[in-house]
Structure formats: C-alpha cells, structure tokens
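> here is my input; please provide its structure:
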Amino acid sequence: MSQPAGHTTHLTFAEDTLQLSQGSTTIIAQLKPERITRQYFRHSPPTPTELEYAIQDVEDSLHPAYGHIGGGSLGAPVDALHGLTAFLALPADTEAFPRDNIEAGFSRLAALSEGRPLSLDPLPPDAHFAATLLIIRELMHHLDFSDLRLEKQ
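Sure thing, here's the model as predicted:
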C-alpha cells in the first residue's frame, strides 16, 4: 500500500522505538540508533561484519511496515539526523535530498568499514552517526521513499 509521490511519511525516534506515520497508519518498530550502536558497533567505523548484522536487524525490525507504509517522501526531524547533511557534503540549508544521496553516503560508510582511510573520507567520530545513516538508508531502500525531507522542530 505505498503512497504516490507527494505524500510524506513522518519518522520519529521515541524512547526505544522508531515510529513511522503516514496518514492514518502508524508503525512502531523496536529500533533506534542507540540500540544498534550498543548491540552491534564495537569499532568506528564499524567493521563489515558489524554492518551486516546491524542491517539484518534493521531489516527484520522494519518488516511490519512492508506493504503498509512507503513511497513518497520520508520526513525526519533534522536534529535526529546527527550530522547527515555535513557527511553527505550538502549545504547546511538543504531541506530535502534524493535517495541517491543516502545510498552514496552509505557506500562511503561501507568503504570506510572495509579499510578506506579516514583521512580520505572523514566520518563523524561516533558510531551513533553510522547507526543513524544505516537506519535511514534501510528505510529509504526497503520502503521505497524517493527523498528525505528535513523537518525543523
């Protein structure tokens, strides 16, 4: 039941959950960057194995949303995105960017996890950023959001 372009699904991180709201549909997943960081990321950047386990967990956590929410735009509070626009080298006043930007950022994270020197591609210094990027990437990829819209609170 994906929505056509022009619709926005709103992402909220609550205490220990991620909430997706689209129209009258709300999905709550036991998913938050802090949990992914605590449970999987022992290194910064995370190792390829740590990323793989975290991806599997995120995909499993998002499974209830498949077919119920997706398509259109994903809206997220700018403060929850933890430096994403800077890592993606986007202007500070960027309000929306396409899924391709998220995919490119995730590819950079994967390259860093596989040994690309941090001096060639600086990553924000904590694992929380990597977990946030991973969650946003999986949301965009699996729920078919075309772009990410930054919502000021």
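> what about this structure, any weak spots by pLDDT?
Within the chain, the ranges that satisfy pLDDT under 70 run 1-5, 82, 125, 153.
> next, name the residue at the spatial heart of this protein.
The chain has Ile136 as the residue nearest its centroid, 1.3 Å off, counting by CA atoms, centre = their mean.
> that one contacts Leu84, doesn't it?
Yes. Here Ile136 lies in contact with Leu84, judged by CB atoms under 8 Å, at a distance of 7.1 Å. Where you see a C-beta, it was placed from the backbone N, CA and C, and this is true even at glycine.
> how about the residue nearest to the centre of the chain, phi and psi?
When read as degrees, to the nearest 10, the backbone of Ile136 gives phi -60, psi -40.
> the strands in the chain, which residues?
With DSSP state E, the ranges of strands along the chain come out as 8-13, 18-22, 25-29, 73-77, 96-98, 147-151.
> partner strands of the shortest one, with direction?
Yep, that's strand 96-98 we're talking about. With DSSP bridges as the test, strand 96-98 is paired with strand 147-151 (antiparallel).
> show me what the strand it pairs with is in contact with.
Residues from elsewhere that reach strand 147-151 (CB atoms under 8 Å, 6 or more residues apart in numbering): 8, 10, 73-78, 81, 85, 94-99, 101-102, 136, 140.
> could you do stretch 106-125 as well?
44-48, 50-51, 82-83, 86-87, 129-130, 133-134, 137.
> got a ChimeraX select line for the buried ones in these?
Selection of buried members from those for ChimeraX, criterion 16 or more other CB atoms under 10 Å:
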select :44,45,46,47,50,51,82,87,129,130,133,134,137
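> just the contacts of stretch 106-125: which are in helices?
Of the contacts of stretch 106-125, the ones assigned to helices by DSSP state H are Pro48, Glu50, Leu51, Ala86, Phe87, Phe129, Ala130, Leu133, Leu134, Arg137.
> out of those, flag the one nearest to Phe145.
Arg137 (10.5 Å; CB to CB).
> what's the closest non-adjacent residue to the closest one?
Phe106 (4.2 Å; CB to CB, 6 or more residues apart in numbering).
> quick one: Arg42 and Tyr53 touch, right?
No. Judged on CB under 8 Å, Arg42 makes no contact with Tyr53 at a distance of 10.7 Å.
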